[in-house]
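Chemist: Below are the sequence and a predicted model; questions follow.
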Amino acid sequence: MTRPLPRGGTLLLAGLAGAAIADNYALQPALAEVAADLGVPLSVIGLVPTAALAGCVAGFALLLPLADHLAPARLIPAQLIALAAALTVAAAAPGAPVLLAAYLLIGAAASVAAHAGTIAGRHAPPGRRAAAVATVAAGLSAGILLSRLTGGALADILGWRRMLLASAALALLGAVAAAALLPRQRPRTDRGYRRTLAALPPLLRRHPPLRHAVAAGGLWYFAFNLVWVALALALAQPPYSLGPTAIGLYGLAGLLGLAVLPVTGRLADRHAPRAVIIAGLLAAACGTALLATGLNAPPVTAAGLALCDAGCFAAQAANQSRVIALDPRRSGSLNSVYLVLYFMIGAVGTAVAAPLLAAVGWRGTALTALAALLAAALLTRTSRADAAGRVPLPARRAGGCPALDGDRAAAAPGTAGSHPGGDSGRRPDGS
């Protein structure tokens, strides 16, 4: 039986997730200073965010399955120590090659943020999985939203090298706290790490709900990235011609998403994750429709961004809790497949933002994002594979409740598709 986290464990994981993922973005406001300090073109140092993203995706693919093999008290501290080491190398970098290599490692180690969500969902008490995942998602989202603001401020005060060293010290403190407070129980597994990696692609074939989650999640992350990248480009051009600081202030509108995440988790536990996803996507669609009216009124733009962020954050928290619920024993592997494809599809939104803005303007770009959000809502609404949510007979003998409706059945351990082997009524936690 999986033991619950100690008191404050979920909040600790949320804080660790936010602090770790922030390291991927904190240097971005100081890139011009870094380029001048190292004596290289800004176009070269501009590859730092790309290196961090590439490392993060590699971490999702190669490191996230370790959550199915190692105890949280070993896994999380090890990655945080690796993160601190990579940040220290970056702080001492004599040139661009070392800095870029260090940021590949920083991105990979920062994937510990995804481990935090997996562990929180796996160790959550019955009926609290979505709330636990949403709490960690709030911490992760806060790290992303505030990273550039705090990173830029610390770089101005301390310099970019000392700012990275401060981040390394924070990662080490997190490692100490994680080693002391997180469970030492090792997950039960019947396969080695190499077999786990080899089994990742077949998970898409074995779990139709995972395919639906990837497709819908990818669509709204495509829209999310498209909106934010195109917004920054549009506001920097005439007739707006805003500077980086003014554009960055619009990011504060995304803080509304942090306020709705805890509520989202409770609703997903109490009702159906699918209903929460659809409601979140409709809210995001309303916000994107506001943005499509133009950028001449800052209050309207801020309101549109707040709705778009809140809706996408809510949908993501509910969707990820649904992925983990497919088989809590293998939640690390499932989350790995989901996040790798989620980020890859979302990266397309980042890549096409500039050419799409040049071709069809801001309104056409916003309407493209709106179409993607509505398509994701429609896909979620019409997906029947996880809407049926029937509890198989072995799970009923193990204590499953056949009266659970739709997604609530899918969100409970021991439901359909939760264990590919169907091992004679054992629950996914192996008990």
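Modeler: Perfect, thanks for sending it.
Chemist: Quick one: residues in contact with stretch 372-382.
Modeler: Under the contact criterion CB atoms under 8 Å, 6 or more residues apart in numbering, stretch 372-382 has outside partners 212, 215-217, 219-220, 222-223, 226, 274, 277-278, 281-282, 284-285, 288, 311, 315. For glycine as for every other residue, the C-beta is placed from the backbone atoms N, C-alpha and C.
Chemist: Then stretch 42-57?
Modeler: By CB under 8 Å, 6+ apart, the residues outside stretch 42-57 that reach it are 24-25, 27-28, 31-32, 34-35, 38, 96, 99-101, 103-111, 340, 343-344, 347.
Chemist: buried ones in it?
Modeler: Buried residues in stretch 42-57, counted by 16 or more other CB atoms under 10 Å: 45, 48-49, 51-57.
Chemist: which residues does L158 contact?
Modeler: Counting by CB under 8 Å, 6+ apart, L158 touches A166.
Chemist: One more pass at 10 Å, please.
Modeler: 164-166 (CB atoms under 10 Å, 6 or more residues apart in numbering).
Chemist: Check those residues for burial and list the buried ones.
Modeler: 164-166.
Chemist: On the three-state scheme, L295 is what?
Modeler: Under DSSP: H, G, I helix; E, B strand; the rest coil, the three-state class of L295 is coil.
Chemist: Same question for G107.
Modeler: Going by three-state DSSP, the secondary structure assigned to G107 is helix.
Chemist: Sitting in strands, which of the buried ones among the contacts of L158 do you find?
Modeler: With strands defined by DSSP state E, no entry of the buried ones among the contacts of L158 lies inside them.
Chemist: and those residues as CSV, adding pLDDT and distance to A353?
Modeler: Formatted as CSV, the buried ones among the contacts of L158 follow (pLDDT from 0 to 100; distance: CB to CB, whole Å):
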residue, pLDDT, distance to A353
L164, 96, 28
L165, 97, 34
A166, 96, 32
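Chemist: Return the subset of those lying in helices.
Modeler: In this view, the buried ones among the contacts of L158 that belong to helices under DSSP state H are 164-166.
Chemist: For L63, state which of the residues you listed is nearest.
Modeler: Top of the list for closeness to L63, among these and by CB to CB, is L164 at 21.4 Å.
Chemist: My guess is the closest one contacts A155. True?
Modeler: Yes - counting by CB atoms under 10 Å, A155 is a contact partner of L164 at 9.0 Å.
Chemist: joint contacts of these two?
Modeler: Common contacts of L164 and A155, defined by CB under 10 Å, 6+ apart, comprise 26-27, 30.
Chemist: tell me the pLDDT at H271?
Modeler: pLDDT recorded at H271 is 68.
Chemist: again, but for L295
Modeler: L295 carries a pLDDT value of 94.
Chemist: In contact with it, which residues are there?
Modeler: L295 is in contact with 231, 234-235, 239-240, 242, 250, 301, 304, 362-363, 366, counting by CB under 10 Å, 6+ apart.
Chemist: just A169 next, same as before
Modeler: 84, 87-88.
Chemist: Look up how far L158 lies from it.
Modeler: Look at A169 and L158: by CB to CB, to the nearest Å, they are 12 Å apart.
Chemist: Tell me where the stretch 201-350 of the chain is predicted with low confidence.
Modeler: Counting by pLDDT under 70, the ranges of the stretch 201-350 of the chain that qualify are 244-245, 248, 256-257, 261-262, 264-266, 268-269, 271.
Chemist: where along it do the helices fall?
Modeler: Remark: helices assigned in the stretch 201-350 of the chain by DSSP state H, counting those that start in this stretch are 208-236, 244-249, 256-270, 273-292, 298-325, 331-382.
Chemist: and those helices as TSV, adding distance to L12 and mean neighbour count?
Modeler: TSV is the format used below for the helices of the stretch 201-350 of the chain (distance: least, CB to CB, whole Å; neighbours: other CB atoms under 10 Å):
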stretch	distance to L12	mean neighbour count
helix 208-236	26	22
helix 244-249	29	14
helix 256-270	16	21
helix 273-292	25	24
helix 298-325	18	25
helix 331-382	19	20
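Chemist: What segments of the stretch 1-150 of the chain are strands?
Modeler: Counting by DSSP state E, counting those that start in this stretch, the stretch 1-150 of the chain has no strands to list.
Chemist: From D309, how far out is L252?
Modeler: To D309, L252 is 10 Å away according to CB to CB.
Chemist: what's the answer for R162, then?
Modeler: Counting by CB to CB, the separation of R162 from D309 is 31 Å.
Chemist: what do you get for H123?
Modeler: Applying CB to CB, the value for H123 to D309 is 28 Å.
Chemist: Kindly report the same for E33.
Modeler: E33 is 29 Å from D309, by CB to CB.
Chemist: One more: A376?
Modeler: Distance of A376 to D309, given as CB to CB: 15 Å.
Chemist: cool, R270 as well?
Modeler: Per CB to CB, R270 is found 23 Å from D309.
Chemist: next one: L267
Modeler: Note on L267: its distance to D309, by CB to CB, is 18 Å.
Chemist: now L339
Modeler: From L339 over to D309 (counting by CB to CB), the distance is 19 Å.
Chemist: F343 too?
Modeler: Using CB to CB, we find F343 at a distance of 17 Å from D309.
Chemist: just A92 next, same as before
Modeler: 36 Å.
Chemist: swap in Q237?
Modeler: Going from Q237 to D309 by CB to CB gives 23 Å.
Chemist: if we can go back for a sec, just give me the least confident of the shared contacts of L164 and A155.
Modeler: Within the set of the shared contacts of L164 and A155, pLDDT is lowest for A30 (82).
Chemist: what's near enough to touch the nearest residue to it once chain neighbours are set aside?
Modeler: The shortest distance from A30 to any non-neighbouring residue, by CB to CB, 6 or more residues apart in numbering, is to A155 (3.9 Å). Residues counted as contacts of A155 (CB under 10 Å, 6+ apart) are 26-31, 33-34, 161-164.
Chemist: Of those residues, which is the nearest to S141?
Modeler: The closest of the contacts of A155, once distances to S141 are taken by CB to CB, is A26, at 15.2 Å.
Chemist: any chance you could read off phi and psi for the closest one?
Modeler: phi -60, psi -30 (degrees, to the nearest 10).
Chemist: That one: how many residues sit nearby?
Modeler: A26 has 28 neighbours, counted by other CB atoms under 10 Å.
Chemist: I'd say it and A168 touch.
Modeler: No - counting by CB under 10 Å, A26 does not reach A168; the two are 11.5 Å apart.
Chemist: Find the residues that touch each one of those two.
Modeler: With CB under 10 Å, 6+ apart, A26 and A168 have common neighbours 87, 106.
Chemist: Distance check, V276 against A134.
Modeler: 10 Å.
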